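Chemist: Predicted model and sequence below, questions to follow.
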Amino acid sequence: MKAVGIIAEYNPFHNGHAYHIAQAKKITGADLAVVVMSGNFVQRGEPAILDKWERTDLALQAGADLVVELPVFYAVQPGHLFAAGAVEILQALGVQDLVFGSEHPDVDFMDLAKQAQAIESEGQFTDRTQTFASAYAQQLEEKTGFTLEDPNDILAFSYAKAVLQSGKEMALHPIGRLQAGYHDQTFADDQEIASASSIRLALHKGKFDKIKNVVPEATWSALTTKPNTLDFEKPFFELLRYRLLTDTVGQLGQVYQMAEGLEHRLAGVAAAVEGPQSYQSFIKSVKTKRYTFARIQRTLLYTVLNIKVDQMQAAMADSYIRLLGFNDLGQAYLSAVKRQARLPIISRVDTGLAKANLRLDYKAGQIWQLLSGQSQVKVGQDLGRKPIYRQEGE
């Protein structure tokens, strides 16, 4: 069987995602789609609106055949690490084709990645008035003539770099976005495809009926009936302030990505008598030109999860394949490739795994439940959970 790979967050799963899955199979002639999906937290450091199990089920209903988790130590990272972790998992599962969205689908991203190698070996990024990403994009444009600024293009470039660095064969297939741009904040009532950003904005404003045309019926049902984290900011800010007020600056300095004295800035703002009283105002108070909003948000999540530098490095060096769900095709493919898989495959988590290999994802699952108001639920996000199985046509 031929499998095509998709890397996604599905936050939330919408009609554009269903189109992506269908197109991925069509343009590659694949028998099934293998999706590597972020777990309970997404790349910019926020909790996914629906948990990983609900999003897995929605993906399976819409054409995915096998869904595995992108662990939190890769999911909540800058693009190059996010891409590297996801590509590693797909390659471990024997997937040789990757289909992804792009604002410029005619660009040869693999050729671009090859040209960029010289930048990484020669570039000196010492200008502290701009972010590393801005400095990198500027030098890339000077060398190649291509302006790397659109979100999906940046991820596409990261996928190409990850494949190139892996030394393994993987064909890249960019496809263009339909109807909606990544940053679109609104969509017309007659649209059938909208950006995830505009859908999330509508949800945060309580406009659930407005999204009916742009998401599958199953997604709309899940968003209106299942636990979610749409109101996560208040409880998250309380957890964050607790950590910043009770840990010493020395302890905070050991948190992953806490650099250049950022721990002093965070602790000082948190302790200020008339300091910010909300998550968003706190981010604005600590933001500098050196760091993007996403970088700050990720660091705040690492702080809440209390992820230390050595813990993150150890986790990335010991990745795994966590099964979230499959149908008959996905199950058959898994049976065919599992003996050759280059990473351990985990189908069920016990207390031993929760304390060892999956300790960061287990912790992330517990925090997601707190943020969704599900702290008293006996069935957690990881312990004892089996992969979702959906029969063909179900």
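Modeler: Great, that's in hand.
Chemist: rest of the way, CA atoms for contacts and neighbours
Modeler: Fine.
Chemist: Tell me where the stretch 201-350 of the chain has strands.
Modeler: Counting by DSSP state E, counting those that start in this stretch, one finds strands in the stretch 201-350 of the chain at the ranges 321-326, 345-346.
Chemist: And the one helix or strand Asp111 maps to, how far out from the chain middle?
Modeler: Element membership of Asp111 [criterion: DSSP states H and E] is helix 109-122. Offset of helix 109-122 from its chain centre (C-alpha atoms, centre = their mean, to the nearest Å): 24 Å.
Chemist: My understanding was that Ile346 contacts Arg322; is that so?
Modeler: Yes - at 4.8 Å, Ile346 counts as touching Arg322 under the criterion of C-alpha atoms under 8 Å.
Chemist: mind listing what Arg44 touches?
Modeler: 76-77, 294-295, 297-298 (C-alpha atoms under 8 Å, 6 or more residues apart in numbering).
Chemist: Identify the farthest-apart pair in the residues you listed.
Modeler: Farthest-apart pair in those is Gln77 and Gln297; separation 10.5 Å (C-alpha to C-alpha).
Chemist: on that earlier part again, can you say which of the strands of the stretch 201-350 of the chain is nearest to Lys355?
Modeler: Of those, nearest to Lys355 by C-alpha to C-alpha is strand 345-346, at 14.3 Å.
Chemist: Could you list every helix and strand that that closest one packs against?
Modeler: Using 3 or more C-alpha pairs under 8 Å, 6 or more residues apart in numbering; DSSP states H and E, the elements in contact with strand 345-346 are strand 321-326.
Chemist: Closest one to Ser221 out of the contacts of Arg44, please.
Modeler: Using C-alpha to C-alpha, the contacts of Arg44 come closest to Ser221 at Val76, 27.2 Å.
Chemist: Now the closest one. Nearest residue, chain neighbours left out?
Modeler: Gln43 (4.2 Å; C-alpha to C-alpha, 6 or more residues apart in numbering).
Chemist: wait, is that neighbour part of a strand?
Modeler: No - according to DSSP: H, G, I helix; E, B strand; the rest coil, Gln43 belongs to no strand; its state is coil.
Chemist: Mind checking which of Ile346 and Arg322 has more residues around it?
Modeler: Arg322 (23 against 16; other C-alpha atoms under 10 Å).
Chemist: Tell me which residues touch Leu244, please.
Modeler: 252, 266-267, 270.
Chemist: Which of the residues you listed fall within helices?
Modeler: 252, 266-267, 270 (DSSP state H).
Chemist: would you list those in CSV and tack on neighbour count and distance to Ser278?
Modeler: Below are these laid out as CSV (neighbours: other C-alpha atoms under 10 Å; distance: C-alpha to C-alpha, whole Å):
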residue, neighbour count, distance to Ser278
Leu252, 23, 20
Leu266, 23, 14
Ala267, 20, 15
Ala270, 22, 11
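Chemist: now, among those residues, which is nearest to Leu93?
Modeler: Among those, and counting by C-alpha to C-alpha, the member closest to Leu93 is Leu252, at 37.3 Å.
Chemist: I figured that closest one hits Leu262, correct?
Modeler: No - in terms of C-alpha under 8 Å, Leu252 does not count as a neighbour of Leu262; the distance is 9.1 Å.
Chemist: what's next to the helix or strand Val4 falls within, contact-wise?
Modeler: If you go by DSSP H and E, Val4 is part of strand 3-8. Outside strand 3-8, the residues that touch it by C-alpha under 8 Å, 6+ apart are 21, 24-25, 28, 30-38, 86, 90, 95-100.
Chemist: do that again at 7 Å, thanks
Modeler: 24-25, 30-38, 86, 90, 95-100 (C-alpha atoms under 7 Å, 6 or more residues apart in numbering).
Chemist: for stretch 308-327, same thing?
Modeler: Residues from elsewhere that reach stretch 308-327, judged by C-alpha under 7 Å, 6+ apart: 53, 56, 60, 65-69, 73, 89, 254-256, 343-347, 387-392.
Chemist: Can you select the buried ones among the residues you listed for me in ChimeraX?
Modeler: To isolate the buried members of the contacts of stretch 308-327 in ChimeraX, using 16 or more other C-alpha atoms under 10 Å:
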select :53,56,60,65,66,67,68,69,73,89,254,255,256,343,345,346,387,388,389,390
